[in-house]
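Q: this one's structure only:
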């Protein structure tokens, strides 16, 4: 044992890591300059970003906010390259609200604030009082009344149809079973909407007229139009899509063929064709004098379009569920709807979240297609704004502003879907 | 076969709509608003300002008709239409008249079942070139590269023009006018060709308009005018003579400034008939005696409308050219008010 010269008997103190591997230097060595190839790439990328950002900033930072025309912008810039932001100052309100009467702007603003309240129980169920869901149920009737105005009795009568249908269903179910209850309930609601409601509404409006100043659809425009079409179509397409997806998997022949036919037809036709049908063909087919609101027609077409895609996304989720889940539901003695509600759908929808949100985002961006049928959405308005002699020739500023507006909405939807995925993740943790 | 049946059904439906909507004049009066189809935006001809108030040369025609029929130049609902939706919007009765720089052609008048009630702007295809190119006539453009919108009649006109002058060119296809401006400015083509009014409007947006010239040759006929549905002649007459009143007013020297003075009565019987102090022209149209007076007061006579929206005092700076009165070498010629 004599060849052991030295044994350390006490522990060494921990030392700070070398200065080249901590802090900002360490981070850069590890992430940016970890090899000669990465170093070159880093330098090239940095130069690229520097030139692009530099070019963009020197264009975007431009003292033209107060200009009242493109000519004035050019005078201010005096030969330098720069953006002409005066067009945004002059027209941002129009890009947001279109031709909506300016003294009534509070109505769309209130609508979208209330929309956030109504969405809260759906989107953030555990963070808000459960009672709020009643407001969510009332919102579909409140929203059109606030936006379009008119007598309050119209939306109330529409809501009453659902209440009547529900009570008739409840009454018949006990006597004659659920299928008969469903049929009679729907029939009762339809009779109310088609025949009784118009009379009652007329009567009530004549005696007690409570209402807001009516605003025609032609006054809708800009971002408000996109959001209105987008929100309604998104909200309606999810339930319709679920029903279609279930119908497609159903064993009932007729139901299945109807659903498959609908889905395949809609998916086989471009949205723009449906919009042209809505804006021009329907006009010719309908009896003269019928005034079927153009925005309503567009919303219906966009909803049908989105629900066909939604159905396929949800069918993907259903297909991904193991067969054991269906059998498990059966073995618990649940009937079809209970099984769907308690076991199948929660899992299928969770799997489909990314696809569903993609469809929503796509639908929201597709609303800009309405500019080809003469509705002035933000893109249509950008053309109209350029037709003003003051702003003819302004391109990038308008498109940039519109892109920013859309980015805000689409990016928030995307972030929310990621939050939802994290929240609902129950496996593989 | 199937297709023709379908189209036939469409036509029948369209006709039924047209027949049932006969009496547009009464409809407009009952509604208290004129539904006027305009473009979604064309410089000088129709554009909304920051408050959503529509302005422009075509818009002026709508306002004149509204003033004549309803007594209020603001009683107009402007319906923006695109090149694709304009004709169905008119055929289906969604709009009462279309004032949307639409070229009067045989097939539109006859086959599509519309009535062009006149011409409010004589346009034509022209060329724009940089001054540095040193050309003074389109016939010197041998071998030039030309920016041209694809799939339009301008493309065919261009080919015809170069062939008949026995010179060659190289087309640079573009999709929209905005793209054409960018390409032309970037030097992708020597010459840009489209309607002359469009060229003037485009040139007005350039940073140095003086560096570019619009060549004198006009190589096609584009008579732009308002139109109404076929088969409702009472309404067609109202729109036609409202436009004629604007043209005649310029010829006779009736302006928005002196109209009040003139309507007290003058020695010129035609002025008196237009302004309703003599005769019963308004009654014949189904309107009151002051109809033409109101139409002229809405935005001034034809010349005033022209000057205010597209004339030489505006950035667009169009010369009257073909659109001058016949007495001054132009084509504007209103039939007599008698």
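A: The structure has been received and is ready for your questions. Predicted model only: the values in this text are computed from it and were never measured.
Q: State the next helix or strand along the chain beyond the helix or strand hosting residue A:147.
A: Per DSSP states H and E, residue A:147 falls inside helix A:133-148. Per DSSP H and E, helix A:133-148 leads on to strand A:150-151 as the next helix or strand towards the C-terminus.
Q: and residue 294, how many neighbours?
A: All of this is about chain A. Using other Cβ atoms under 10 Å in any protein chain shown, residue A:294 has 22 other residues around it. To be clear about C-beta, it is placed using only N, CA and C from the backbone, and glycine gets the same treatment.
Q: hmm, I had chain B in mind actually
A: Residue B:294: 23 neighbours (other Cβ under 10 Å).
Q: Which parts of the stretch 251-400 of chain A are helices?
A: With DSSP state H, counting those that start in this stretch as the criterion, the stretch 251-400 of chain A has helices at A:253-267, A:271-276, A:282-285, A:294-320, A:323-331, A:336-339, A:345-366, A:378-386, A:396-424.
Q: Pull up the residues of the stretch 201-338 of chain B that are close to chain A.
A: B:201, B:204-207, B:314-316 (Cβ under 8 Å from any Cβ of the partner chain).
Q: Please list the residues outside the helix holding residue A:147 that contact it.
A: A:107-108, A:110-111, A:114-115, A:117-119, A:121-122, A:152, A:154-156, A:158-159, A:212, A:214-215, A:217, A:220, A:228, A:232, A:235 (Cβ atoms under 8 Å, 6 or more residues apart in numbering or on different chains).
Q: before we move on, back to that, can you say which of the helices of the stretch 251-400 of chain A is packed in most?
A: When these are scored by mean count of other Cβ atoms under 10 Å in any protein chain shown, the highest mean neighbour count falls to helix A:378-386 (a mean of 24).
Q: Check which helices and strands that one sits against.
A: Helix A:378-386 sits against helix A:86-97, helix A:222-248, helix A:396-424, strand B:47-48, with contacts defined as 3 or more Cβ pairs under 8 Å, 6 or more residues apart in numbering or on different chains; DSSP states H and E.
Q: rerun at 6 Å
A: helix A:86-97, helix A:222-248 (3 or more Cβ pairs under 6 Å, 6 or more residues apart in numbering or on different chains; DSSP states H and E).
Q: between those helices, which one is nearest to chain B?
A: helix A:86-97 (5.3 Å; Cβ to the nearest Cβ).
Q: Same question for that closest one: list its buried residues.
A: By 16 or more other Cβ atoms under 10 Å in any protein chain shown, the buried positions in helix A:86-97 come out as A:86-88, A:90-97.
Q: need these in JSON lines with pLDDT and distance to residue B:262, can you?
A: JSON lines is the format used below for those (pLDDT from 0 to 100; distance: Cβ to Cβ, whole Å):
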{"residue": "A:86", "pLDDT": "92", "distance to residue B:262": "42"}
{"residue": "A:87", "pLDDT": "93", "distance to residue B:262": "42"}
{"residue": "A:88", "pLDDT": "93", "distance to residue B:262": "46"}
{"residue": "A:90", "pLDDT": "92", "distance to residue B:262": "39"}
{"residue": "A:91", "pLDDT": "92", "distance to residue B:262": "40"}
{"residue": "A:92", "pLDDT": "93", "distance to residue B:262": "45"}
{"residue": "A:93", "pLDDT": "93", "distance to residue B:262": "42"}
{"residue": "A:94", "pLDDT": "93", "distance to residue B:262": "39"}
{"residue": "A:95", "pLDDT": "93", "distance to residue B:262": "44"}
{"residue": "A:96", "pLDDT": "93", "distance to residue B:262": "46"}
{"residue": "A:97", "pLDDT": "92", "distance to residue B:262": "43"}
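Q: picking up where we left off before, need the helices and strands packed on helix A:378-386 in CSV with distance to chain B, can you?
A: Listed next are these as CSV, based on distance: least, Cβ to the nearest Cβ, whole Å:
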stretch, distance to chain B
helix A:86-97, 5
helix A:222-248, 10
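Q: How about the residues of the stretch 51-200 of chain B by chain A?
A: Applying Cβ under 6 Å from any Cβ of the partner chain, we find that the stretch 51-200 of chain B lies next to chain A at B:52, B:80-82, B:85, B:88, B:92-94.
Q: mind redoing it with 8 Å?
A: Counting by Cβ under 8 Å from any Cβ, the stretch 51-200 of chain B comes close to chain A at B:51-52, B:56, B:77, B:79-82, B:84-85, B:88-89, B:91-94, B:178, B:181-182.
Q: Quick one: mean pLDDT for the helix or strand residue A:186 falls within?
A: Assigned by DSSP H and E, residue A:186 belongs to helix A:178-191. The pLDDT scores in helix A:178-191 average 84.
Q: who are the neighbours of the next helix or strand after it, in terms of helices and strands?
A: Using DSSP H and E, the helix or strand that follows helix A:178-191 towards the C-terminus is helix A:197-207. Contacts defined by 3+ Cβ pairs under 8 Å, 6+ apart place helix A:197-207 against strand A:150-151, helix A:153-176.
Q: of these, which approaches chain B most closely?
A: Closest among the helices and strands packed on helix A:197-207, once you apply Cβ to the nearest Cβ, is strand A:150-151, at 17.4 Å.
Q: Which elements pack onto that closest one?
A: helix A:197-207, strand A:211-212.
Q: would you turn the ones you listed into a markdown table with mean neighbour count and mean pLDDT?
A: Formatted as a markdown table, the helices and strands packed on strand A:150-151 follow (neighbours: other Cβ atoms under 10 Å in any protein chain shown; pLDDT from 0 to 100):
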| stretch | mean neighbour count | mean pLDDT |
| --- | --- | --- |
| helix A:197-207 | 14 | 79 |
| strand A:211-212 | 14 | 82 |
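Q: between the buried residues of helix A:86-97, which is closest to residue B:141?
A: Taking Cβ to Cβ as the measure, residue A:87 is the one of the buried residues of helix A:86-97 closest to residue B:141, at 35.1 Å.
Q: Might you report the residue contacts of the closest one?
A: Contacts of residue A:87 (Cβ under 8 Å, 6+ apart): A:70, A:385, A:391, A:394, A:397-398.
Q: ditto for residue B:250
A: Contacts of residue B:250 by Cβ under 8 Å, 6+ apart are B:301-304, B:325, B:332.
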